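[1] sequence? don't have it. structure:
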């Protein structure tokens with residue numbers, strides 16, 4: 001029987017592979033949705049198993065908080081995708097565009113978080129960066145620096161790819177709905 005740690009690791013690798021595949025596939029296709037659901041499933045398994053691992057801190061720790069946040073981003077991204085699909089079916093172009101924007105933001109940031117965790121894990125395995133007993137600060141600094149670098153690069157890529165990816169899904173100006181201006185007395 002596989003241990004929780006191995007299941008966690010296999011789910012992490014599956015999430016990295018399916019997440020990368022989602023990022024490079026054409027958006028809105030059946031393939032995108034299929035691979036996207038595989039990403040969601042692997043992220044759910046990854047985060048649920050993360051919540052069962054207590055070896056590092058002996059109890060609930062900062063990585064458990066990160067797992068909860070990761071679960072929230074994946075669920076928010078999934079809900080946004082479902083809303084976009086509902087808006088498309090009801091022919092509400094403005095609602096669809098807004099939901100797709102949210103889907104893009106939540107899911108890409110969930111992948112950036114996954115990559116930050118992966119890079120942090122690898123960085124803490126480098127012998128020169130492994131802390132001696134009682135030097136947990138080195139571990140914390142290694143994780144923080146790796147995370148900040150990945151988040152910085154990821155944020156730059158997310159901003160740069162937003163318009164090319166979401167532009168085709170923006171409704172024409174005549175389909176946009178605007179709230180009526182408030183009346184002033």
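    On my side now, so go ahead. All figures in this text were calculated on a predicted structure; none of them were measured in a lab.
[2] Below-threshold pLDDT in the protein: ranges please.
    1, 54-59, 61, 128-136, 172-185 (pLDDT under 70).
[3] what residue is smack in the middle of it?
    residue 110 (0.9 Å; C-alpha atoms, centre = their mean).
[4] Excluding chain neighbours, give the residue nearest to it in space.
    residue 73 (4.0 Å; C-beta to C-beta, 6 or more residues apart in numbering). All C-beta spots, glycine's among them, are computed from the backbone N, C-alpha and C.
[5] For the helix or strand hosting that neighbour, buried residues please.
    Per DSSP states H and E: residue 73 is located in helix 62-89. Counting neighbours by 16 or more other C-beta atoms under 10 Å, one finds that the buried residues in helix 62-89 are 63-64, 66-67, 70-71, 73-78, 80-81, 83-85, 87-88.
[6] Likewise for stretch 22-42?
    So for stretch 22-42, counting by 16+ other C-beta under 10 Å, buried means 22-23, 27, 32, 35-36, 38-40, 42.
[7] The residue nearest to residue 110 is in contact with residue 108, isn't it?
    No. Counting by C-beta atoms under 8 Å, residue 73 does not reach residue 108; the two are 9.4 Å apart.
[8] Can you give me the neighbour number for residue 91?
    9 (other C-beta atoms under 10 Å).
[9] that older thread, what about the helix holding residue 73, distance to the chain center?
    8 Å (C-alpha atoms, centre = their mean, to the nearest Å).
[10] what's that helix packed up against?
    helix 30-50, helix 93-125 (3 or more C-beta pairs under 8 Å, 6 or more residues apart in numbering; DSSP states H and E).
[11] now do 10 Å
    helix 4-24, helix 30-50, helix 93-125, helix 136-166 (3 or more C-beta pairs under 10 Å, 6 or more residues apart in numbering; DSSP states H and E).
[12] The residue nearest to residue 110: what's it in contact with?
    By C-beta atoms under 10 Å, 6 or more residues apart in numbering, the contact list for residue 73 reads 43, 47, 105-114.
[13] can you do 7 Å?
    If a contact means C-beta atoms under 7 Å, 6 or more residues apart in numbering, then residue 73 has 106, 109-110, 113 as its contacts.
[14] Which one of the residues you listed sits in the busiest neighbourhood?
    residue 110 (26 neighbours).
[15] Isn't it up against residue 72?
    No. Counting by C-beta atoms under 7 Å, residue 110 stays clear of residue 72, with 9.0 Å between them.
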